[in-house]
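J.: Next one to model:
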Amino acid sequence: MAKKKSYLKQIYKYDDTERCYVVEVSLETYQELFNEWDAAPTRKKDLNSELIDFIEQAAYEIPMKSKVKISFGIPLNKKDEKLEASSKSAIYNNFKMIIHFINKTLRVNNRKVMTYLSFALSFITLSYLTISFIVDNLGFTIIREGLMIGGWFLMWESFSLFFFDSYEVRNRRKRYQRFLDSDIEFRYIDDEAKENLDKINT
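T.: Here you go, the predicted model:
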């Protein structure tokens, strides 16, 4: 565990004061946060897909029990308090929307699970009931065996969907909920500091 924490701190800054990992993102303008083709007002814009991918990657790398904070670095000369406020609102709205669609997926999965289970139990029950019928007919035997196989197949599908597929979806929801409950900050970097930072990164 200590080795993993040490490794994470090499990738993500750790704020000892707030005891959280900081997911840092460098921007040139506020507009880089969003889909460039989205003409909606800032607070309603969709996030840039590459930013979403980066945030998701960080969400899976940082353990769930650890707190996180997202920090956007922007040149000081681009500072705009109104844009900062609307950008924060847009980011949180995007997280809420992602969670909404995740919940929708879970509801669909749950309906599928119940449907598969209902058909599975019906097929298996019907197959067992027909065992008592002694019918020397190949077609009847094939139908009975088909009901049994189909029932167990649907049973497995329902368990697989609930315990594997839906588990991954629920896990993704927890990670986005953590970001939704986390702080988002904008830090402003003057040109000299940015040049020094660029030299360090190169």
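
J.: can we go C-alpha only for contacts and neighbour counts from here?
T.: Fine.

J.: The residue nearest in space to the middle of the chain and Thr42, how far apart?
T.: In the chain, the C-alpha nearest the mean C-alpha coordinate belongs to Arg172, at 3.3 Å (Cα atoms, centre = their mean). Distance, Arg172 to Thr42, by Cα to Cα, to the nearest Å: 25 Å.

J.: Check Glu61 too.
T.: In terms of Cα to Cα, Glu61 sits 29 Å off from Thr42.

J.: With Gln31 instead?
T.: In this view, Gln31 and Thr42 are 8 Å apart by Cα to Cα.

J.: before we move on, what about Ile62?
T.: 29 Å.

J.: before we move on, the earlier item: between Glu61 and Thr42, tell me which one has more neighbours.
T.: Higher neighbour count among Glu61 and Thr42: Thr42, with 21 against 13, using other Cα atoms under 10 Å.

J.: Need phi/psi at the more buried one.
T.: Here is the backbone geometry of Thr42 (degrees, to the nearest 10): phi -50, psi -50.

J.: and if you look at Gln31?
T.: Note on Gln31: backbone dihedrals following degrees, to the nearest 10 are phi -60, psi -20.

J.: What is the neighbour count of it?
T.: Gln31: 15 neighbours (other Cα under 10 Å).

J.: what do you get for Tyr92?
T.: By other Cα under 10 Å, the burial measure for Tyr92, its neighbour count, is 19.
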